[in-house]
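Below are the sequence and a predicted model; questions follow.
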Amino acid sequence: MRYDNDKLADMLSVEYILGTLKGAARTRFEQLLKQRADWAQSFAWWESHIHLLADTVPAVNPPKRVWKTIETRLFAHRAAQSNSWWKSFAFISTALAASLATILVLQSPKPADEITPEAIALLSSEKAQHGWLLSETKNAANEVEMKAISLASLETKPDNAFELWLLPADKSKPISLGLLPQQGVANMKIPAQLVPLMAPGSLAVSLEPVGGSPTGQPTGAVLYQGKLAKT
Amino acid sequence: MSQTKTSEELFHLIALSGQGDKVAFQTLYEATSAKLFGLSLRILNRRDLAEEALQDAFINIWHHAQNYRPEKAAVMTWMTTIVRNKCFDLLRAMPQEAQLLDEASLDDWASEDLGPLEKVTEKSESKALLNCMNTLAPLQRQAIVLSYFHGMAHEQLAKHLVQPLGTIKTWIRRGLTALKSCLQGEKA
């Protein structure tokens, strides 16, 4: 029996390291490792040996820009242009959004069936021109939607698209939320996993080719910024 | 730029990085990035993505350097795990048809002569691993390599190597058993 058990520990260790052991089986294996010293030993042995496969790959010097990017992302992100630029406007936009929220709440004697927005944001340019008013609402199914209303002061760009990005508070990469309307109103669904990131994060709008960024990251100038404020 | 650092030196560098030493972190990068970039390229087979994976991995390494535990894994093993995981994150985000296999490197493993692979390895442990991999059947070797570099599960291996699932499982089990006893014998 013990012989089989050893083999099982070997197989599971290797599958765990390779990543092919998934879900509940993976969690169970992790628990077993904590309880069984012999299994932990077998796991450590395989881990130190399987990864030697990586040593059989020829070394390739990465281009210099890789280190430069790492350095910037880790040590200079406070000075990165778009971020510091954003910071100076965050306060103004939040203040504006908050005052707008007050106006909206005061002016609307809300009908019983109308949904009150959870949060709103005003997206403004560096010259304090307003582009969109965003309102975040929850529907009956508890899904979060963002309504974007383009404002008259928006400078339209018929040959481009405006893409809305969430800049997570932890300074990780911008996440696309979709394209903003150049006129009228558009609704965007906010994926559930992004909802908790919305309020602490910031919002930015970049100018992109028609159809949106081809790379999944902002490629054009950041023209409007804003931040959600609770209503 | 000195490429080969002993594991004690690497441990020293990671410990300093964990305390916020940027110079130590850069030295760690210089000492390890070529090998790790080679690994990213092998897995992703696309330069832009390999660069992205390497960047993300080193950001992660900086943030988690203080959690590194030498009793659990060697520095290079720990870093390799992080890089490999980042690569697979990117690979999984790609549509299946965009994922390219580096067929030439697979052929290297299927060949009877693992000499070309041995040329690039630096450590004696890696050479021992290659010697023992050489005792396995070519398809057994390929199955292990496809799992390691391409994250293929048994079902995918069965499809790729055109073999019944049961055969694949038996092969891998026997292959690993043989590999372990060979490696433990080599060490003794």
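Yes, it's here. Residues are numbered from 1 along each chain as shown, chains lettered A, B, ... in the order given.

can you give me phi and psi for A:Ala229?
Backbone torsions of A:Ala229, given as degrees, to the nearest 10, read phi -120, psi 140.

Could you double-check that it sits in contact with A:Leu133?
No: shown here, A:Ala229 and A:Leu133 do not form a contact pair, counting by Cβ atoms under 8 Å, at 11.6 Å. Placement of C-beta: from N, CA and C, glycine included.

Which neighbours do those two have in common?
The contact sets of A:Ala229 and A:Leu133 overlap at A:120-121 (Cβ atoms under 8 Å, 6 or more residues apart in numbering or on different chains).

got a list of what residue 42 touches?
Assuming you mean chain A. A:Ser42 makes contact with A:6, A:9-10, A:13, according to Cβ under 8 Å, 6+ apart.

actually it's chain B I care about, not the one you picked
For B:Arg42, the contacting residues are A:57, B:102, B:105, B:149, by Cβ under 8 Å, 6+ apart.

coming back round to it: including distance to B:Pro95, neighbour count and pLDDT, could the contacts of A:Ser42 go into a markdown table?
Formatted as a markdown table, the contacts of A:Ser42 follow (distance: Cβ to Cβ, whole Å; neighbours: other Cβ atoms under 10 Å in any protein chain shown; pLDDT from 0 to 100):
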| residue | distance to B:Pro95 | neighbour count | pLDDT |
| --- | --- | --- | --- |
| A:Asp6 | 40 | 15 | 76 |
| A:Ala9 | 36 | 22 | 90 |
| A:Asp10 | 34 | 20 | 90 |
| A:Ser13 | 31 | 24 | 93 |
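
Next one: A:Leu106, what pLDDT does it get?
You'll see A:Leu106 listed with a pLDDT of 49.

the bottom helix or strand of chain B by mean pLDDT?
helix B:103-110 (a mean of 73; mean pLDDT, DSSP states H and E).

Tell me the first helix or strand C-terminal of it.
Moving toward the C-terminus from helix B:103-110, the first helix or strand encountered (DSSP states H and E) is helix B:115-120.

and that next one, average pLDDT?
Throughout helix B:115-120, pLDDT has a mean value of 76.

what's the answer for stretch B:135-150, then?
Averaging pLDDT along stretch B:135-150 yields 89.

Mark out where each domain of chain A begins and ends.
Here the domain parsing of chain A from automatic domain parsing is A:2-56, A:82-230.

Quick check: beta-bridge partners of the residue nearest the centre of chain A?
Residue closest to the mean C-alpha point of chain A, counted by Cα atoms, centre = their mean, is A:Ile175 at 4.0 Å. Under DSSP bridges, the beta-bridge partners of A:Ile175 are A:Leu166.

Report the contact partners of it.
A:Ile175 touches A:165-166, A:168, A:194, A:197, counting by Cβ under 8 Å, 6+ apart.

Can I have the buried ones of these as a ChimeraX selection?
Filtering these down to the buried ones (16 or more other Cβ atoms under 10 Å in any protein chain shown) takes a single ChimeraX command:
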select /A:165,166,168,197
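
Closest to B:Pro70 out of the contacts of A:Ile175?
For those, the closest approach to B:Pro70 (Cβ to Cβ) belongs to A:Pro168, at 32.4 Å.

my read: that closest one touches A:Ala199, true?
No: using Cβ under 8 Å, A:Pro168 makes no contact with A:Ala199, being 11.2 Å away.

any low-confidence regions in the chain?
Looking at chain A here, since you left the chain open. In the predicted model, chain A carries pLDDT under 70 at residues A:1-4, A:77-116.

wrong one, chain B
Residues of chain B that meet the cut-off, pLDDT under 70, sit at B:1-4, B:97-98, B:100, B:186-188.

mind listing the helices for it?
If you assign secondary structure with DSSP state H, the helices in chain B sit at B:7-18, B:22-44, B:47-64, B:75-93, B:103-110, B:115-120, B:124-133, B:138-150, B:154-160, B:165-187.

What of chain A?
Assigned by DSSP H, the helices in chain A fall at A:2-18, A:23-35, A:37-50, A:64-75, A:81-107, A:195-198.

doesn't A:Ala59 make contact with B:Gly38?
Yes: applying Cβ under 8 Å as the test, B:Gly38 and A:Ala59 come out as touching, 4.9 Å apart.

more neighbours, those two?
B:Gly38 (21 against 17; other Cβ atoms under 10 Å in any protein chain shown).
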